[in-house]
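Peer 1: how does the following fold in three dimensions:
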Amino acid sequence: MKTHGDAGWDSFPSYLDVVVPRVLAFLKERNLKITFFIVGQDAALEKNREAIASIAAAGHEIRGACENLTWSGHTAARGQ
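Peer 2: Modelled structure (predicted):
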């Protein structure tokens, strides 16, 4: 959004609750498993908990991105 100059990018909107169900359906149709990288800011939002849990329930790997751009495992959706 920022690179396209879209208004509202600075409020850090999250679209996981909208995008994840569509992506999961696409992947299921093709019998594909992938790794999702979730930014901590998105993972912390209550509205995204169901979407993140559905990623894990579908058997995909979830990794978390820290602000300093190093990667760390994210296990919240797995109940750990």
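
Peer 1: what stretches of the chain score poorly on pLDDT?
Peer 2: For the chain, the stretches with pLDDT under 70 are 1-6, 8-12, 66-80.

Peer 1: what about the helices in it?
Peer 2: 16-29, 40-43, 49-57 (DSSP state H).

Peer 1: deepest of those, which one?
Peer 2: helix 49-57 (a mean of 18; mean count of other C-beta atoms under 10 Å). Every C-beta, even on glycine, is put in place using the N, C-alpha and C of the backbone.

Peer 1: what's that one packed up against?
Peer 2: helix 16-29, strand 61-65 (3 or more C-beta pairs under 8 Å, 6 or more residues apart in numbering; DSSP states H and E).

Peer 1: I'd like these as CSV, with distance to residue 54 appended.
Peer 2: CSV is the format used below for the helices and strands packed on helix 49-57 (distance: least, C-beta to C-beta, whole Å):
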stretch, distance to residue 54
helix 16-29, 6
strand 61-65, 11
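
Peer 1: looking at those, which is nearest to residue 50?
Peer 2: Of all those, the one in closest proximity to residue 50, counting by C-beta to C-beta, is helix 16-29 (7.2 Å).

Peer 1: taking helix 49-57 as reference, get the angle to that closest one.
Peer 2: Helix 16-29 and helix 49-57 are oriented at 20 degrees to each other (axes from the mean of the first three to the mean of the last three C-alpha atoms, to 10 degrees).

Peer 1: residue 40: which of the helices and strands packed on helix 49-57 is closest?
Peer 2: Of all the helices and strands packed on helix 49-57, strand 61-65 sits nearest to residue 40, with 5.8 Å by C-beta to C-beta.

Peer 1: which secondary structure elements does the closest one contact?
Peer 2: On a contact count with 3+ C-beta pairs under 8 Å, 6+ apart, strand 61-65 meets strand 35-39, helix 40-43, helix 49-57, strand 71-73.
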